[in-house]
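Colleague: Need the 3D shape of this:
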Amino acid sequence: MNDVVIPLSAGPQTKWTLTASGHHVWYLDPWQTPILDEDIFLGLREVRYNGYIYVNVLLHSCLCVLLARYYNYPRSYLPYVACHDLHEAYVKDITSAMKQVLPEYKERIELPWSGRVHANYGLDLPMIGSDVEKAVKFVDDRALVVEVTAEDFTPLIPYTLRKGKPDPREPARQDELDIYFQAKSKPALAQWRVVARALGAK
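Modeller: Residues are numbered from 1 along each chain as shown. Prediction:
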């Protein structure tokens, strides 16, 4: 049987959803939607990993920032680390497998929304292959290893990780796990403050 590819509609937008603040989210035109901290804060509470382990995007973003600081990332990298998943407050966390059967998703939805949110915080999308982009990917992958180890869902590690140098698939260290549990113990608003402070670290 041939794979079925479902294209994204290029026609007029008649479907929308609302943010918590009451603004329309037009999925194919992110520039029509105001980007507000309160909407991002509430939207990031969606659970990652298709809901199989309870790690939401806000906790993941907080962990990435804390790990980047622990790894002594340059201060100028922190806003990019903090921002890399904030668009998911609007378009949600989509699994890699789902993206593969929706090949237009990344180009038509994910990248435009990521660019829109980055621009809201005075950032350009990092260029592919740049030092900033590699640094964000590395800390993102390390956070994944730490999260699935801490929540005892280690079978996910070899399926999802990208290659990097140093190897992000190295087992989670106790110091990294301690940082995860420190982040997890924070109330949601305190997690958001960690992310928000990093967004302003230029």
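
Colleague: can you give me the strands in the chain?
Modeller: Secondary structure of the chain by DSSP state E: the strands cover 17-18, 24-25.

Colleague: doesn't residue 145 make contact with residue 170?
Modeller: Yes: counting by Cβ atoms under 8 Å, residue 170 touches residue 145, with 7.4 Å between them. From N, CA and C alone the C-beta is placed, and that goes for glycine too.

Colleague: Looking at the two, which one has more neighbours?
Modeller: More crowded of residue 170 and residue 145, by other Cβ atoms under 10 Å: residue 145, with 22 against 11.

Colleague: Not counting sequence-adjacent ones, nearest residue to that one?
Modeller: Distances taken as Cβ to Cβ, 6 or more residues apart in numbering place residue 172 nearest to residue 145, at 5.1 Å, with adjacent residues excluded.

Colleague: Tell me which of the strands of the chain sits most buried.
Modeller: With neighbours defined by mean count of other Cβ atoms under 10 Å, none of these is more surrounded on average than strand 24-25, at a mean of 16.

Colleague: ok, the residue nearest to residue 145 to residue 136 distance?
Modeller: Counting by Cβ to Cβ, to the nearest Å, the separation of residue 172 from residue 136 is 19 Å.

Colleague: Point to the helix or strand of the chain where mean pLDDT is at its lowest.
Modeller: Per-element confidence for the chain was summarised using mean pLDDT, DSSP states H and E. The lowest value among helices and strands belongs to helix 157-160, with a mean of 53.

Colleague: Which of the strands of the chain has the lowest mean pLDDT?
Modeller: Of all those, strand 17-18 carries the lowest average pLDDT, namely a mean of 86.

Colleague: Now do the helices in this protein.
Modeller: Using DSSP state H, the helices of the chain run over residues 37-43, 57-70, 78-83, 88-91, 96-101, 105, 111-120, 131-150, 157-160, 174-185, 188-199.

Colleague: Phi, psi for the spatially most central residue of the chain please.
Modeller: Central residue of the chain (Cα atoms, centre = their mean): residue 85, 2.2 Å from the mean position. Residue 85 adopts backbone torsions of phi -120, psi 10, taken as degrees, to the nearest 10.
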